[in-house]
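*Asks:* Kindly return the folded structure for what I paste below:
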Amino acid sequence: MSFMAYPPSRYGGTTGLVNARFRPADTEPDLVSGGVDGGVTGASQSQRTHYLATGASTGGEFGLYRIDMPPLGRGPRTHFHRTMSESFFVLSGTVNLFNGERWIDATPGDFLYVPIGGLHAFHNSTDEPASLLLLFAPGAPREGYFEGLSAGLADMSEQEREEFFLLHDNHWVDD
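*Replies:* Sure, this is the predicted structure:
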């Protein structure tokens, strides 16, 4: 059996720090929008995005977001990232996850890890709401991506949309 080594120490103190951050479950969402995928509509209800731990708040280690999708909520079409992995953990409902080969109907407790460069997509094709956690590692400024989508890409030129997606490390593939 092979074992991974722990990373190098980054804290040299002897007493520990008081630096934990708590976010109550009833905290209002940071962003309310029509969906994840700019230019793709589908849900008549709003999607809620909770910034649980941003790349900025974790010193770039990871970003953790909760997405509450409405019934028939659209997510991004097939894409990949060059700089970060993305993981999905279903909290409630059924989320359709694409793992690069096939679609999986993921239910509460199901988990999908997508390494850097891995093809993936997700959406909610059911008549019930769904909720999931998205984990990006290392932490990237995904808030700008979510907020940019919420602001709407329809008013952007094709070049502006392409630059937006490149800035946010979303590389689309033809479905």
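*Asks:* count of residues packed around the closest residue to E128 other than its chain neighbours?
*Replies:* Once flanking residues are discounted, E128 sits nearest to G93: 5.3 Å by CB to CB, 6 or more residues apart in numbering. No exception for glycine: its C-beta is placed from N, CA and C like everyone else's. G93 is flanked by 19 other residues according to other CB atoms under 10 Å.
*Asks:* from memory G93 sits against N124, does it?
*Replies:* Yes. Using CB atoms under 8 Å, G93 is in contact with N124, at 6.6 Å.
*Asks:* so what's the residue nearest to E128 up against?
*Replies:* By CB atoms under 8 Å, 6 or more residues apart in numbering, the contact set of G93 is M69, T107, P108, N124, T126, E128, P129, A130, S131.
*Asks:* Let me know the closest of those to H168.
*Replies:* Ranked by distance to H168 (CB to CB), the contacts of G93 are led by M69 at 19.7 Å.
*Asks:* Which residues does stretch 97-115 contact?
*Replies:* Counting by CB under 8 Å, 6+ apart, 78, 85-96, 118-122, 132 sit against stretch 97-115.
*Asks:* just the buried members of these?
*Replies:* 85-90, 93-96, 120-122, 132 (16 or more other CB atoms under 10 Å).
*Asks:* Redo these as JSON lines? Include secondary structure, pLDDT and distance to R21.
*Replies:* Output for the buried ones among the contacts of stretch 97-115, formatted as JSON lines (DSSP: H, G, I helix; E, B strand; the rest coil; pLDDT from 0 to 100; distance: CB to CB, whole Å):
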{"residue": "S85", "secondary structure": "strand", "pLDDT": "98", "distance to R21": "23"}
{"residue": "E86", "secondary structure": "strand", "pLDDT": "98", "distance to R21": "22"}
{"residue": "S87", "secondary structure": "strand", "pLDDT": "98", "distance to R21": "20"}
{"residue": "F88", "secondary structure": "strand", "pLDDT": "98", "distance to R21": "23"}
{"residue": "F89", "secondary structure": "strand", "pLDDT": "98", "distance to R21": "20"}
{"residue": "V90", "secondary structure": "strand", "pLDDT": "98", "distance to R21": "24"}
{"residue": "G93", "secondary structure": "coil", "pLDDT": "98", "distance to R21": "27"}
{"residue": "T94", "secondary structure": "coil", "pLDDT": "98", "distance to R21": "31"}
{"residue": "V95", "secondary structure": "strand", "pLDDT": "98", "distance to R21": "27"}
{"residue": "N96", "secondary structure": "strand", "pLDDT": "98", "distance to R21": "32"}
{"residue": "H120", "secondary structure": "strand", "pLDDT": "98", "distance to R21": "28"}
{"residue": "A121", "secondary structure": "strand", "pLDDT": "97", "distance to R21": "31"}
{"residue": "F122", "secondary structure": "strand", "pLDDT": "97", "distance to R21": "27"}
{"residue": "L132", "secondary structure": "strand", "pLDDT": "98", "distance to R21": "21"}
